[in-house]
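S.K.: here you go, sequence then predicted model.
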2 protein chains.
Amino acid sequence: MENSVLSWLQPDAQRFFRENAIVRHLNSGDLIYDDEAVVTHTIFPHDCVISIMAEMADGRSVEKASIGREGFVGLPVILGGGRTFGRCVVQVPGKASWLSVADLDVALQEFHCVRQVMLRYAKSFTLQLMESVACNSLHTADQRVVRWLLHAHDRVDGDTFYLTQEAISNLLALRRATVNAACSDLQQAGGISYHRGHLTITDRQILQSRVCECYDRVRRAALCTAP
Amino acid sequence: MENSVLSWLQPDAQRFFRENAIVRHLNSGDLIYDDEAVVTHTIFPHDCVISIMAEMADGRSVEKASIGREGFVGLPVILGGGRTFGRCVVQVPGKASWLSVADLDVALQEFHCVRQVMLRYAKSFTLQLMESVACNSLHTADQRVVRWLLHAHDRVDGDTFYLTQEAISNLLALRRATVNAACSDLQQAGGISYHRGHLTITDRQILQSRVCECYDRVRRAALCTAP
DNA sequence: AAATGTGATCTAGATCACATTT
DNA sequence: AAATGTGATCTAGATCACATTT
C-alpha cells in the first residue's frame, strides 16, 4: 500500500479499502474541501501533498498543516464532527485513495484496527501541529522553507516534484523574495535545483544540516503511528 | 461542575468523577508533567490555566497550547499513546480535578459518554492548535498578548488572576520589553490594570476590539464541544 | 529579589517596485 | 503569462543594557 495508514491495517481491512476506494490523480491547486465543508470522503495520499490552509478575514493565508502518505484528509470524521479543519488544497500533485464516509463507516464497524490506526494518526497529526506552533514563532524563514521541502521529499516518490517558489511563499506566509533568497542559497550549496516549478532534492544531507529540529520531531511522530 | 468536559458527562459518569477524582490547588510555575512523561493522571482544570511548552535544544521555549476549564491535560491517553505532548506547567494558579489513568479506564469502560466527550475535546484542541499555527505566523505581538489574556479571562473566576509580564513573554516567545509595551498600551486604554503580577481585566470590550479573529475561532471551537 | 519601565541600536523579513527568462 | 531574480527602503520586534518601585 502506498499510504502508510492503510499499510498498517490488517489484511482483511486492507482488502476492503482496495475494493472500495477509488484512486484519483490530484493536480496542483485542486481544491479538495473548502473550510468547514462536510467531509464526504476520506482521502489517503499516495505521493501527493495536501495543505490545510487558514484564511484570514483580510485575505491573508497560511498553511495550518500538511498531509501526505503518512496520513489522510478527513480526521474530523473520527473525532466526531464531520466538517473539515480548513481549506484543503493540493500542493504537490500525485495520486490518492478516496473512500466515501459511508464506506468508511462500514470499515469502522467491521474492522477494529481502522479506528485504532486512525486515532494514532490523530495523535501524530496533533504533534505535527504543536511543532508548527513552536516552529512558526521560533525559527527563521530559511529553516521553515527547508523543513517544508524535507517533509515533501518524504512524501513523494523520487527526488523531483512540482512546487513553485510562489507556492512555498503562500504556504509559509513569506514574501516570494524571501523564499527566492532561501532557494537560491540552497541551490548554490548544491542541496536543490529547480526549474520553473520542477524542484529536485539533489542532496538531502545539505538540507538536513540546515533544517531546525522540528523536522525530525514531526518525522518521528509520523513514524510512531506504525503499530 | 467547574470543568466543562466533566459538566457534559451523564449524571452517573459525573458521580463517578466526583467520587474518584481529587481536587488539588495548583500553583503558578508548578511542573505537572515533563515532555514525553507517562500520563498517570488526567487533569481537569476548574479555574487554572496549564501550558504545554515546547523546549528547543538551544534552550528557547514557547507555549504550544494552553488548557483550562474547557478541556483537560492527558489527551494522549485517549489517542492511544500515553505520553505527554510537551512540558505541562501551571501558568495561572487555581484548582483542578485529578483522576488517575486507572480510574479513567474504568470510567471509559462503564460510561460511553466519557470517550465521546473526550474525543470532542480532542477536536476542539486540534482547532486551537491550527489557529495558533496561523496566528503565530500572521499576527502581531500585541494581538497575541491580547488573545492570551482573553482566553485566560474565559478560564478563571472573576476578572483578576496572577500572571506576570515576564510569564507572558515566555509563553509567546517575545521580549519582556515587547510585552510591557503591549500591556502599558492596554492599561492606558483602560482595558487592563496590573500590579506585580496581579492582572485585572477592567474592560473586555477594549481587549476584544484589539484581538485578532483567532480568539473568537478558538473560543467557538471550545464551546462546540458541548453536546 | 521580583516586577516593571525605558532607551540605543540591530536585523530578519516586510512593502514596493521592476527586470529577466522560458 | 508564469516563474524567477534583485534592489531600495521600512518596521516590528530583537539584542543589549540599565533604571525604578515594592
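M.R.: Ah, there it is.
S.K.: so how far is stretch A:180-200 from its chain's centroid?
M.R.: From the chain centre to the centre of stretch A:180-200 is a distance of 21 Å (Cα atoms, centre = their mean, to the nearest Å).
S.K.: helix B:112-138 and the top helix by length along chain A, what's the angle between them?
M.R.: Secondary structure of chain A read by DSSP state H shows that its longest helix is helix A:112-138. Using axes from the mean of the first three to the mean of the last three Cα atoms, to 10 degrees, one finds that helix A:112-138 and helix B:112-138 are set 30 degrees apart in direction.
S.K.: what about helix A:112-138, near DNA strand D?
M.R.: No - residues of helix A:112-138 are not located near DNA strand D by Cβ under 7 Å from any atom of the strand, the shortest gap being 8.0 Å. Glycine gets a C-beta too; all of them are placed from N, C-alpha and C.
S.K.: establish whether stretch A:133-149 and chain B are in contact.
M.R.: Yes - against chain B, stretch A:133-149 shows contacts by Cβ under 8 Å from any Cβ of the partner chain at A:133-134, A:136-138.
S.K.: no, scratch that, I was asking about stretch A:103-123
M.R.: Yes - counting by Cβ under 8 Å from any Cβ, chain B is contacted by stretch A:103-123 at A:116, A:119-120, A:122-123.
S.K.: can you get me the start-to-end distance on that stretch?
M.R.: Length of stretch A:103-123, first residue to last, Cα to Cα, to the nearest Å: 23 Å.
S.K.: ok, back up a step: distance between the longest helix of chain A and the chain's centre?
M.R.: Its chain's C-alpha centre and that of helix A:112-138 lie 11 Å apart, by Cα atoms, centre = their mean.
S.K.: kindly report the same for stretch A:111-123.
M.R.: Counting by Cα atoms, centre = their mean, stretch A:111-123 is centred 18 Å from the centre of its parent chain.
S.K.: name the helices or strands packed onto the helix or strand of chain A with the lowest mean pLDDT?
M.R.: Sorting the helices and strands of chain A by mean pLDDT, DSSP states H and E puts helix A:75-79 at the bottom, at a mean of 93. When contacts are defined as 3 or more Cβ pairs under 8 Å, 6 or more residues apart in numbering or on different chains; DSSP states H and E, helix A:75-79 packs onto helix A:101-110, helix A:112-138, helix B:112-138.
S.K.: hmm, stretch A:41-50 in reach of chain B?
M.R.: No - applying Cβ under 8 Å from any Cβ, one finds stretch A:41-50 separated from chain B by no less than 14.4 Å.
S.K.: list the contacts for the residue most central in space within chain A?
M.R.: Nearest to the geometric centre of chain A sits A:Ile67, at 2.0 Å (Cα atoms, centre = their mean). Counting by Cβ atoms under 8 Å, 6 or more residues apart in numbering or on different chains, A:Ile67 touches A:45, A:49-52, A:73, A:125.
S.K.: who wins for neighbours among these?
M.R.: Within the contacts of A:Ile67, neighbour counts (other Cβ atoms under 10 Å in any protein chain shown) peak at A:Pro45, which reaches 28 neighbours.
S.K.: and for that one, nearest residue in space, chain neighbours not counted?
M.R.: Distances taken as Cβ to Cβ, 6 or more residues apart in numbering or on different chains place A:Ala96 nearest to A:Pro45, at 4.5 Å, with adjacent residues excluded.
S.K.: give me the three-state assignment for that neighbour.
M.R.: Put simply, A:Ala96 is strand when judged by DSSP: H, G, I helix; E, B strand; the rest coil.
S.K.: confidence score at A:Pro227?
M.R.: pLDDT for A:Pro227: 69.
S.K.: burial count for the nearest residue to A:Leu79 once chain neighbours are set aside?
M.R.: Leaving aside its sequence neighbours, A:Leu79 sits nearest to B:Lys123 (Cβ to Cβ, 6+ apart; 3.9 Å). B:Lys123 has 21 neighbouring residues, counting by other Cβ under 10 Å.
S.K.: with A:Phe17 instead?
M.R.: Number of residues near A:Phe17 (other Cβ under 10 Å) recorded here: 22.
S.K.: which strand or helix spans it?
M.R.: Assigned by DSSP states H and E, A:Phe17 belongs to helix A:11-20.
S.K.: export that helix to PDB, keeping only CA atoms.
M.R.: The C-alpha coordinates for helix A:11-20 follow below in PDB (Å, rounded to 0.1, in the frame of the first residue of the first chain):
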ATOM      1  CA  PRO A  11      -5.100  -7.700   5.600                       C
ATOM      2  CA  ASP A  12      -8.900  -8.000   5.500                       C
ATOM      3  CA  ALA A  13      -9.300  -4.300   6.200                       C
ATOM      4  CA  GLN A  14      -6.700  -3.600   3.500                       C
ATOM      5  CA  ARG A  15      -8.700  -5.700   1.100                       C
ATOM      6  CA  PHE A  16     -11.800  -3.700   1.900                       C
ATOM      7  CA  PHE A  17     -10.000  -0.500   1.100                       C
ATOM      8  CA  ARG A  18      -8.600  -1.800  -2.100                       C
ATOM      9  CA  GLU A  19     -12.000  -2.900  -3.200                       C
ATOM     10  CA  ASN A  20     -13.900   0.200  -2.200                       C
END
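S.K.: immediately after it, which helix or strand?
M.R.: Next along the chain after helix A:11-20, taking DSSP H and E as the criterion, comes strand A:22-26.
S.K.: next, count neighbours for A:Pro93.
M.R.: The number of residues packed near A:Pro93 is 18, by other Cβ under 10 Å.
S.K.: which residues of chain A score low on pLDDT?
M.R.: Across chain A, the ranges flagged by pLDDT under 70 are A:1, A:227.
S.K.: most remote residue from it's center?
M.R.: Max distance from the centre of chain A (Cα atoms, centre = their mean): A:Glu110, 27.8 Å.
S.K.: wait, isn't A:Val156 in contact with A:Gln91?
M.R.: No - here A:Val156 does not reach A:Gln91: they are 10.7 Å apart, not a contact under Cβ atoms under 8 Å.
S.K.: who has more neighbours, those two?
M.R.: A:Gln91 (28 against 22).
S.K.: tell me how far A:Ile32 lies from A:Gly59.
M.R.: 21 Å (Cβ to Cβ, to the nearest Å).
S.K.: between the two, who's got more neighbours?
M.R.: Ranked by neighbour count (other Cβ under 10 Å), A:Ile32 and A:Gly59 place A:Ile32 first, with 22 against 6.
S.K.: what helix or strand is that one on?
M.R.: Here A:Ile32 is assigned to strand A:31-33, by DSSP H and E.
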